[in-house]
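[1] model the structure of this input:
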Amino acid sequence: MMKVGRRDLSALERADKSSIHIITISYYTVMSKLAPKSLRLIPAVHRATHRIGLYLASRQAEALSQGESHILALLAPSRPLTIAELHHGLAHKRSTLTSILDRLVARGLITRRVGKADRRTFVVTLTAKGRRWAREVFEQMVDLERAVAAQVADADLAGFSKVLSAIETEARTRAAARASR
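    Numbers count the residues shown, from 1 in each chain. The predicted structure is shown next:
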C-alpha cells in the first residue's frame, strides 16, 4: 500500500498496475505542495484524463487502450473519417495515430482505404464489429458526461470548456513556436 499525503493508493495501484501513474501522482502532489499556485490546472486535467481511460477500460469486455477508445468514440456518430480528420480531432502525433489504427485494423474494428477523391488520403471506416464496440464506448462517454453535467451548473460547464480551450490553444501555440525555431 502506498500513501500520498493522506490518500491510500492501493486501490489505484490494483486498478492500474502502473508505477508510472503512482509516480506521476506523487510528483504532482509534491509539486502542488512546493508551489501551490504554479500547477493548478495541468495535474487535474492529467488525472481526469487518466481516470476516463480507467473507467472506459473497466467497462469493456475486451480492454481497449485509451487511444483506441477515443478513436472509436470519434468514429461512432460520424461518417468514415480521414486520418487527417482523426489527427485534428485527437491531436495525436501521426506516428502514434498510425500505431493505434494498426491495432484497430488487426482487431477487425476498422478498415483503412485509399481515398477515392484524393489518393494521398486514407479513409478510416468502422467494420460491423467496430460499430458495435464504438457505440458501446461512445455510450459510456455520454453516460459519464451526463453524470458529471448533472452535478454542476451550466455556467460551470461553460467556464470549464473555456479553460480547456485555452489550455489546448496555448499548448498548440507554444509547441508550434518551438517547432519553428
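[2] mean pLDDT per helix and strand in this protein: which one sits at the bottom?
    strand 3-4 (a mean of 38; mean pLDDT, DSSP states H and E).
[3] host element of Val45?
    Assigned by DSSP states H and E, Val45 falls within helix 42-58.
[4] by contact count, what packs against that helix?
    Contact partners of helix 42-58 among helices and strands, from 3 or more Cβ pairs under 8 Å, 6 or more residues apart in numbering; DSSP states H and E: helix 10-16, helix 19-34, helix 66-75, helix 128-149, helix 154-180. Using the backbone N, CA and C atoms, a C-beta is placed for each residue, glycine as well.
[5] how about a cut-off of 7 Å?
    Applying 3 or more Cβ pairs under 7 Å, 6 or more residues apart in numbering; DSSP states H and E, one finds that helix 42-58 makes contact with helix 19-34, helix 66-75, helix 128-149.
[6] quick one: list the elements packing against the last one.
    Counting contacts by 3+ Cβ pairs under 7 Å, 6+ apart, the secondary-structure elements packed against helix 128-149 are helix 42-58, helix 66-75.
[7] which residues belonging to that helix are considered buried?
    For helix 128-149, a neighbour-count test (16 or more other Cβ atoms under 10 Å) marks 130-131, 133-134, 136-138, 140-141 as buried.
[8] what angle sits between that helix and helix 154-180?
    120 degrees (axes from the mean of the first three to the mean of the last three Cα atoms, to 10 degrees).
[9] for the remainder of this discussion, apply numbering that starts at 2.
    Shifting the count to begin at 2 puts that one at helix 129-150.
[10] output helix 129-150 as PDB, nothing but the C-alphas.
    C-alpha atoms of helix 129-150 as PDB (Å, rounded to 0.1, in the frame of the first residue of the first chain):
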ATOM      1  CA  ALA A 129     -19.700  -4.200 -38.200                       C
ATOM      2  CA  LYS A 130     -17.800  -5.300 -35.100                       C
ATOM      3  CA  GLY A 131     -16.200  -1.900 -34.800                       C
ATOM      4  CA  ARG A 132     -19.600  -0.200 -35.000                       C
ATOM      5  CA  ARG A 133     -20.800  -2.300 -32.000                       C
ATOM      6  CA  TRP A 134     -17.700  -1.500 -30.000                       C
ATOM      7  CA  ALA A 135     -17.700   2.200 -31.000                       C
ATOM      8  CA  ARG A 136     -21.300   2.500 -30.000                       C
ATOM      9  CA  GLU A 137     -20.500   1.000 -26.600                       C
ATOM     10  CA  VAL A 138     -17.600   3.300 -26.000                       C
ATOM     11  CA  PHE A 139     -19.500   6.300 -27.200                       C
ATOM     12  CA  GLU A 140     -22.400   5.500 -24.900                       C
ATOM     13  CA  GLN A 141     -20.000   5.100 -21.900                       C
ATOM     14  CA  MET A 142     -18.600   8.500 -22.600                       C
ATOM     15  CA  VAL A 143     -22.100  10.100 -23.000                       C
ATOM     16  CA  ASP A 144     -23.200   8.400 -19.700                       C
ATOM     17  CA  LEU A 145     -20.100   9.700 -17.800                       C
ATOM     18  CA  GLU A 146     -20.500  13.200 -19.200                       C
ATOM     19  CA  ARG A 147     -24.200  13.300 -18.400                       C
ATOM     20  CA  ALA A 148     -23.500  12.200 -14.800                       C
ATOM     21  CA  VAL A 149     -20.900  14.900 -14.400                       C
ATOM     22  CA  ALA A 150     -23.100  17.600 -16.100                       C
END
